[in-house]
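Visitor: quick one: sequence and predicted model below, then my questions.
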Amino acid sequence: MSKSVCAIAVAALAAACPSHAENPIIQTNFTADPAPMVYNGTVYLYTSHDEDDAYGFKMKEWRLYTSTDMVNWTDHGAVASLKTFPWARQDNDAWAPQVVPRNGKFYLYAPVSVPGEPKNVIAVAVADKPEGPFKDALGHPLVGPVTGYIDPTAFVDDDGQAYLYWGNPNLWYVKLNQDMVSYSGPIVQEPTKPANYQEGPWFYKRGGKYYLAYASTCCSEGIGYVMSDHPTGPWVHHGDIMDGNKASSGNHPGIIDYKGGSYVFGFNYRFNFDDTPVHRERRSITVAKFNYNADGTIPNLPWWNTEGVAQIESLDPYRRVEAETIAWTSRVPSPWDHPIDWVPGIKTAKNGDSVYVTRITNKTYIKVAGVDFGKGAERFTARVASGAGGTIELHLDSFSGPVIGTLAVGSTGGWGAWQSLSAPVKGAAGKHDLFFVFKGDGSDPLFDFDYWQFAKAGK
Ligand code: FUB
């Protein structure tokens, strides 16, 4: 059932309507250049990061978000940054990354710049866990400097041979060694450049065929793709996954299969243009679901909608859930607001490995989609820290839906003084979208929020 049909029939059919992600899927930061990795049943979505005050590209770190339902995304903060590569320019140019697993390690390939011209190089870092920390593998670039050496994509074939493709506006590849941080043989400039190839290659294999998707045409960028029976071509163009759109100058594919569905990620400028007609490099990652055709080709998809994709499994509220697990966040609109969906509000912060929600102000809210309360919950506990205080109102199905409980958060003794506080809950049973609506008396920010959990009725 489509989301719009569900909206019409909401009262009668709420239980039959899956919760949806809303595009863009991350609201707490501007994110671009999606690089999803499926590992151990979880989607790890690595992103580049446009700074909040960016006009042109202003990019210093790579971030990670994870999901097991394609709708609620948990923020892991920055997992690598320009500081990971101290020999690189430290002021800018942390562009499109990709992480691939091999032999229990995780390899992050990322474009950075070195002083002088040409400046474009590709760096590699390694971690023991997908969440990092990633450490510089070489102490120098893997390839480059050569103008246009950006946007690496790596793939390990079934026979163990790994490949790295990259480039704008040319496309290059090289065979990586088993160690994933060195290569053998020449760097080859792809002689049959895919039709309208611009940048952002995404290399993978499916059903015995090799695929290379890429940002096509410029600008506006769409998403094109080519297929081959061999990892190094010849490549055959089968059309475009998405046409460019005047609403957006850029795009950048990341494609996965996950829990029986196929997904393409990209980005748009929706939040930027919610704010101003001025083009600024403040981009936001989006996702769409699609079905491959029987011959393995990919259908042409419409431009990124705001509806996103359907949730593929519900969220269990009876285990600890990180507060930075978010389907959508914004602020409860006031009558005088202009009619936009998203208002910059809460942020996330990272202290060591711990990520938490911060900059919570009066009437901001977090939506957690598709929460399955089962037979019923009777208590809500949240770990919070505050020098000020406020309340967390728990609403079902919308920020103005029924209230199932209210947690009063007084001063916990200061920011960083974490306490677990709890409140009784009534009327929470079955599956609902859960909205945390934050209220205060105006002395913003109210408190920081680390994690939460419900207790089942009768336990
Ligand atoms: O994000 C910086 C650059 O913009 C990327 O490297 C390109 O793919 C384009 O998305």
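Guide: Ah, there it is. Numbers count the residues shown, from 1 in each chain.
Visitor: quick one: buried residues of stretch 393-403?
Guide: 393-396, 399 (16 or more other Cβ atoms under 10 Å). Backbone N, C-alpha and C define where each C-beta goes, glycine included.
Visitor: and it, average pLDDT?
Guide: Mean per-residue pLDDT for stretch 393-403: 97.
Visitor: quick one: residues in contact with that stretch.
Guide: Residues outside stretch 393-403 that contact it (Cβ atoms under 8 Å, 6 or more residues apart in numbering) are 14, 332, 365, 367, 380, 404-407, 425, 427-428, 432-439.
Visitor: would you show me how to pick out the buried ones of those residues in ChimeraX?
Guide: Once 16+ other Cβ under 10 Å is used to decide burial, the buried members of the contacts of stretch 393-403 can be selected in ChimeraX as follows:
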select :332,365,367,380,404,405,406,407,425,428,432,433,434,435,436,437,438,439
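Visitor: near the ligand, which residues of the stretch 51-200 of the chain?
Guide: 57, 95-96, 111, 150-151, 199-200 (Cβ under 6 Å from any ligand atom).
Visitor: let's see 8 Å
Guide: 57, 59, 95-96, 111, 150-151, 168, 199-200 (Cβ under 8 Å from any ligand atom).
Visitor: would you mind checking these for buried ones?
Guide: Buried, going by 16+ other Cβ under 10 Å: 59, 95-96, 111, 150-151, 168, 199-200, out of those.
Visitor: can you tell me how far residue 389 is from residue 238?
Guide: 58 Å (Cβ to Cβ, to the nearest Å).
Visitor: just the ones of the buried residues of stretch 393-403 in strands?
Guide: Among the buried residues of stretch 393-403, the members falling in strands (DSSP state E) are 393-396.
Visitor: ok, so of those, who is nearest the ligand?
Guide: residue 395 (36.4 Å; Cβ to the nearest ligand atom).
Visitor: residue contacts, the residue in the stretch 151-300 of the chain that the ligand sits nearest to?
Guide: Residue of the stretch 151-300 of the chain nearest the ligand, by Cβ to the nearest ligand atom: residue 200 (3.9 Å). Counting by Cβ under 8 Å, 6+ apart, residue 200 touches 33, 96, 151, 168, 214-215, 221, 251-253.
Visitor: okay, the residues you listed in TSV with pLDDT and secondary structure next?
Guide: Output for these, formatted as TSV (pLDDT from 0 to 100; DSSP: H, G, I helix; E, B strand; the rest coil):
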residue	pLDDT	secondary structure
33	98	strand
96	98	coil
151	98	coil
168	97	coil
214	98	strand
215	97	strand
221	94	coil
251	95	coil
252	97	coil
253	98	coil
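Visitor: bridging residues for the closest residue to the ligand within the stretch 351-459 of the chain?
Guide: In the stretch 351-459 of the chain, the residue that lies nearest the ligand is residue 355 (22.8 Å; Cβ to the nearest ligand atom). Counting by DSSP bridges, residue 355 is bridged to residue 350.
Visitor: isn't it right up against residue 73?
Guide: No - using Cβ atoms under 8 Å as the test, residue 355 is too far from residue 73 to be in contact (12.0 Å).
Visitor: over to residue 273: give its phi and psi.
Guide: Residue 273 has phi and psi values of phi -80, psi -10 when expressed as degrees, to the nearest 10.
Visitor: and for it, the neighbour number?
Guide: Counted with other Cβ atoms under 10 Å, residues neighbouring residue 273 total 16.
Visitor: residues in contact with it?
Guide: residue 247.
Visitor: please give the element, helix or strand, for residue 63.
Guide: Element membership of residue 63, judged by DSSP states H and E, is strand 59-67.
Visitor: which neighbouring elements make contact with that strand?
Guide: Applying 3 or more Cβ pairs under 8 Å, 6 or more residues apart in numbering; DSSP states H and E, one finds that strand 59-67 contacts strand 42-50, strand 73-81.
Visitor: next, the angle from that strand to strand 42-50.
Guide: For strand 59-67 against strand 42-50, the angle by axes from the mean of the first three to the mean of the last three Cα atoms, to 10 degrees is 160 degrees.
Visitor: quick one: least confident helix or strand in this structure?
Guide: Among the helices and strands of the chain, helix 10-13 carries the lowest confidence by mean pLDDT, DSSP states H and E, at a mean of 40.
Visitor: mind checking which helix or strand the residue nearest to residue 261 when sequence neighbours are not counted is in?
Guide: Excluding its sequence neighbours, the residue lying closest to residue 261 (Cβ to Cβ, 6 or more residues apart in numbering) is residue 289, at 5.4 Å. Element membership for residue 289 (DSSP H and E) is strand 284-290.
Visitor: pLDDT wise, what is residue 65 at?
Guide: On the pLDDT scale, residue 65 gets 98.
Visitor: check residue 191 too.
Guide: 88.
Visitor: cool, and residue 71?
Guide: 98.
Visitor: same check, this time on residue 7
Guide: 44.
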